[in-house]
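A.B. asks: predicted model follows, preceded by the sequence.
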Amino acid sequence: MNDIIVNKRNFTTFSDSDYNSTAYNDYRPTYSPRLFSKIYDYHASHSSSFSIALDVATGTGLVAKELSNKFQQVYATDISKVMLSSASRSPNIQYLVSAAEDLSQFKDSTLDLMTVGQAVHWFDREKFFNEAWRVLKPSGTLAIWGYLYHVVDGYPTGTKKIKKLMLETLEDYWTPGNPEKFALYNLYRDIVLPDKLFKNIIWERYDFDEKEGKMSNGESLFSKEWSVERMKSYMKTWSGYKNYMTKFQKENQKVEDPINKLFEELKEEEGWNDDQILKVSWTFVLALAEKR
């Protein structure tokens, strides 16, 4: 693949050789135009340059594809060549296999925008923020976001069960051995963007208020209308689910598929069928920062 460049190092990643990158690409949700409008408006408030963007931990290139419609040149990095093998192709996107903390393939002050979607909790953040500052142009923009569990509009009981599966049943399987796995659970409230490197820092959070039954900051920046079967397929791309199933299979233990079990319960209790369309919204956090 002539548009994937490998930065030769030894990497360890949950996206290993047997990870189903095609399923990830098929079932992961695409982000809302509202999200990118916020990012572009913020960037335009202090910079007129939309030449070069970098998406870090791009996965299968969903964000890179969006950026390619706005920027002249887009670079996208990931530690997994497996994930990049299913990435979206475009003449102005170049993919590189690289860790987030090592952007040595980029010169100082060369990028207008850097994005990180659903990944900064994996990083050595001190190293990453220093690298982001180094490669961004003066007044360049860093945009970071993440999402946690999804809320099914009109189904509070179903939502609670999905949340319980993600945060309790699969709790120890998301990033095994990584104490930073809880950063996203708190919608990055414990992450500090260093003000010696960045200014004009903005945080937006869309959390679910269980008492009110709605998002705490208006409509989330991340929502979809999905069939029940589509939602189930998405949940089976979770790394926590993959790690859970793999553990028991390696130990030759019989284990009931927790997602299959949950959806059988929800079909019975909520009256869902596979083709039924549901409104799904995610708890979400967005951070925007300008390089000093």
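C.D. replies: It's in. Numbers count the residues shown, from 1 in each chain.
A.B. asks: enumerate every residue touching the closest residue to residue 174 other than its chain neighbours.
C.D. replies: What sits nearest to residue 174 in space, not counting adjacent residues and going by Cβ to Cβ, 6 or more residues apart in numbering, is residue 240, at 4.2 Å. No exception for glycine: its C-beta is placed from N, CA and C like everyone else's. Counting by Cβ atoms under 8 Å, 6 or more residues apart in numbering, residue 240 makes contact with 166, 170, 173-174.
A.B. asks: and which of those residues is nearest residue 214?
C.D. replies: Ranked by distance to residue 214 (Cβ to Cβ), the contacts of residue 240 are led by residue 166 at 19.6 Å.
A.B. asks: in which helix or strand does the closest residue to that closest one other than its chain neighbours reside?
C.D. replies: Computed as Cβ to Cβ, 6+ apart, the closest residue to residue 166 that is not its neighbour in sequence is residue 149, at 4.9 Å. In the assignment (DSSP states H and E), residue 149 maps to strand 136-152.
A.B. asks: name the helices or strands packed onto that strand?
C.D. replies: Using 3 or more Cβ pairs under 8 Å, 6 or more residues apart in numbering; DSSP states H and E, the elements in contact with strand 136-152 are helix 33-44, strand 111-117, helix 156-164, strand 277-291.
A.B. asks: list the beta-bridge partners for residue 203.
C.D. replies: residue 287 (DSSP bridges).
A.B. asks: kindly provide the distance from it to residue 143.
C.D. replies: Here the distance between residue 203 and residue 143 works out to 12 Å (Cβ to Cβ, to the nearest Å).
A.B. asks: and if you look at residue 201?
C.D. replies: 11 Å.
A.B. asks: before we move on, what about residue 29?
C.D. replies: With Cβ to Cβ as the criterion, residue 29 and residue 143 are 18 Å apart.
A.B. asks: how about residue 89, phi and psi?
C.D. replies: Here is the backbone geometry of residue 89 (degrees, to the nearest 10): phi -100, psi 140.
A.B. asks: picking that back up, residue 29 and residue 143 - which one has more neighbours?
C.D. replies: residue 143 (24 against 17; other Cβ atoms under 10 Å).
A.B. asks: from residue 207, how far off is that one?
C.D. replies: 19 Å.
A.B. asks: where are the low-confidence patches of the protein?
C.D. replies: 1-25, 27, 175-181 (pLDDT under 70).
A.B. asks: buried stuff in stretch 250-264?
C.D. replies: Neighbour counts over stretch 250-264 (16 or more other Cβ atoms under 10 Å) mark 258-259, 262-263 as buried.
A.B. asks: hmm, back to that, listing partners with orientation, what would you give for the strand holding residue 149?
C.D. replies: Checking strand 136-152 against DSSP bridges gives partners strand 111-117 (parallel), strand 277-291 (antiparallel).
A.B. asks: redo the ones you listed as TSV? Include mean neighbour count and distance to residue 103.
C.D. replies: Compiled in TSV, the strands paired with strand 136-152 are given as follows (neighbours: other Cβ atoms under 10 Å; distance: least, Cβ to Cβ, whole Å):
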stretch	mean neighbour count	distance to residue 103
strand 111-117	24	9
strand 277-291	20	14
